[in-house]
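>>> sequence and predicted structure below; questions after.
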Amino acid sequence: MTDDIGALIDEWHAQADEDRPAATTPEVGIIMGSDSDLDTMAGAYEALKKLEFAEQTDYANPPEARFTFESYVVSAHRTPDLMYAYGETAAARGLDVIIAGAGGKSADLPNMTASIAYPLPVIGVPVQEKSVDSVIGMPTGAPIVAVDAGKSYNAALSAVQILGREHDELVARLDAIHDDRRAGVAEVSRALHDRGIDGFRDRQE
Ligand code: AIR
């Protein structure tokens, strides 16, 4: 294979053969069908950043952070060979969980990657409402975990929940952001009650 897609495929296979220590490889892989999905998939990036994950852009030179993620565009229909290679090499490249998003009515990247990478968990993100059925509609024996349309932020939280079974520090980070969210509700609840609806609305404008 000599084109750029072939070069990526060869690179992933070579990385899979390297057998690098777990602390140096990305734990989470974010893949999406097109770069037009990026705005929607950015929620996963935001959640991972909040949880102190760093983006690993060079497989051979990991960032200092203990937990990292990587991101790629992989199209199930335009580049099925690339999708196959990603799913097939994911575990050997050190990934523990994949977040896969695709849009349109044929959003097959999440479901196909789940089948190829099995038993590695794949969390599917339907990029649009019309993509939900194709992401979650898997036959018995071919599992996928999925979130609602556009909820890539939740996909990242689910990914870190999975990693948390092995890493206590991630559980602590998940607890901390959950506490922040609770505090946010407490604050707004008190403000609404104490200022009354008109006062609350005035303060928001
Ligand atoms: N897509 C890309 N390859 C296969 C599929 N199903 C999806 C992308 C994107 C939509 O098609 O995930 O949401 C439109 O892609 P584009 O590149 O035309 O903007």
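That came in fine, so what should we check first?

>>> going forward, measure contacts and count neighbours with C-alpha atoms only.
OK.

>>> quick check on Asp4: phi, psi?
phi -70, psi -30 (degrees, to the nearest 10).

>>> could you measure from it over to Glu11?
Asp4 sits 10 Å away from Glu11, going by Cα to Cα, to the nearest Å.

>>> and those two? Which one has more around it.
Using other Cα atoms under 10 Å as the criterion, Asp4 and Glu11 rank with Glu11 on top: 14 against 9.

>>> for the more buried one, helix, strand, or coil?
For Glu11, the secondary-structure state derived from DSSP: H, G, I helix; E, B strand; the rest coil is helix.

>>> and Pro126, its phi and psi?
According to degrees, to the nearest 10, Pro126 has phi -70, psi 120.

>>> ignore the last one, Glu52
phi 70, psi 30.

>>> ok, now Asp58?
The phi/psi pair for Asp58 (degrees, to the nearest 10) is phi -140, psi 110.

>>> quick one: pLDDT of it?
Listed pLDDT for Asp58 reads 98.

>>> okay, and for this structure, where does confidence drop off?
Residues of the chain meeting the criterion pLDDT under 70: 1-2.

>>> near the ligand, which residues of it?
32-34, 36-37, 75-78, 102-104, 106-108 (Cα under 6 Å from any ligand atom).

>>> can you flag the buried ones in those residues?
Using 16 or more other Cα atoms under 10 Å as the burial test, the residues of the chain next to the ligand include Met32, Gly33, Ser34, Asp37, Ser75, Ala76, Ala102, Gly103, Ala107, Asp108 as buried.

>>> as TSV, these with distance to Gly124 would be great.
As requested, those are exported to TSV (distance: Cα to Cα, whole Å):
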residue	distance to Gly124
Met32	10
Gly33	12
Ser34	15
Asp37	13
Ser75	14
Ala76	13
Ala102	8
Gly103	11
Ala107	10
Asp108	10
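
>>> just put the residues you listed in a markdown table and tack on secondary structure.
What follows is those, written out as a markdown table (three-state DSSP):
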| residue | secondary structure |
| --- | --- |
| Met32 | strand |
| Gly33 | coil |
| Ser34 | coil |
| Asp37 | helix |
| Ser75 | coil |
| Ala76 | coil |
| Ala102 | strand |
| Gly103 | coil |
| Ala107 | coil |
| Asp108 | coil |
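
>>> can you give me the helices in this protein?
Using DSSP state H, the helices of the chain run over 4-16, 38-50, 80-89, 109-117, 132-136, 152-164, 168-204.

>>> most packed of these?
helix 109-117 (a mean of 24; mean count of other Cα atoms under 10 Å).

>>> roughly how far is it from the heart of the chain?
13 Å (Cα atoms, centre = their mean, to the nearest Å).

>>> try stretch 96-110
10 Å.

>>> quick one: terminal-to-terminal distance for that stretch?
Start-to-end span of stretch 96-110 (Cα to Cα) is 15 Å.

>>> contacts for that stretch, please.
27-34, 37, 41, 74-77, 83, 113, 120-128, 130-131, 134-135, 144, 152, 155-156, 159, 162-163 (Cα atoms under 8 Å, 6 or more residues apart in numbering).

>>> just stretch 134-149 next, same as before
Contacts for stretch 134-149 (Cα under 8 Å, 6+ apart): 105-108, 110-111, 114-115, 121-129, 131-132, 154-155.
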